[in-house]
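# here's a sequence, model it:
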Amino acid sequence: MTHVDLNSIVVSRDDLSSSAIAEFLQQHIDDMRATSPPESKHALDLDGLRDPSIDFFSAVYLGQVVGCVALKRLSAQEAELKSMRTGSAVRGLGVGKLLLDFILTYAKSKGFLRVSLETGAMEFFAPARQLYQSRGFSLCGPFADYVDDPNSVFMTLSLEA
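Next up is the predicted model:
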């Protein structure tokens, strides 16, 4: 795709039951396996995303899944951004910004004061890191159950103010 009408993308809660989202997430897992060593792969599979502490959303454009994003509740005040992905056909067209803005607005509406994330340190993840920085995320240390890992970059954003 060379153009996407961002206003026509529908982002909605997804129960992870469709084959379309299963295939989309499998591509995510495949990308993570190809770019991250096994000990540094933190992408969740379908079962992991079905955890009750996670709210999962898919983005659909013209009947096709073009992105997804999830928010995991870590505490009453802190959440973790999980499984943010845009399909390869729409990368660089603004879908990632749309998803990130959507999930940050959602996090605020749920009363979270901080959103943190883990992403890869490899070149493949550079556009994602740039997007997160453009929305105010800053580098931080490991959080929740993460440990220091040279293949991981940890970022956080305060939603207060």
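# once you drop chain neighbours, what's closest to Ala43?
Sequence neighbours aside, Met32 is the residue nearest to Ala43 in space, at 4.3 Å (criterion: CB to CB, 6 or more residues apart in numbering). (Each C-beta comes from the backbone N, C-alpha and C, glycine too.)
# what is the burial count for the one you found?
Met32: 19 surrounding residues under other CB atoms under 10 Å.
# helix, strand, or coil at it?
Following DSSP: H, G, I helix; E, B strand; the rest coil, we place Met32 in the helix state.
# that one against Gln26, yeah?
No - contact criterion CB atoms under 8 Å: Met32 and Gln26 do not qualify, at 10.7 Å.
# what is Ala79 paired to in the beta sheet?
As for beta bridges, Ala79 partners with Arg73, Val115 under DSSP bridges.
# need the contact list for it.
Leu71, Lys72, Arg73, Ala107, Lys110, Phe112, Arg114, Val115, Ser116 (CB atoms under 8 Å, 6 or more residues apart in numbering).
# which of these has the largest number of neighbours?
Among those, the one with the most neighbours (other CB under 10 Å) is Val115, at 26 neighbours.
# that residue and Ala107 touch, don't they?
Yes - assessed by CB under 8 Å, Val115 is found in contact with Ala107 at 5.2 Å.
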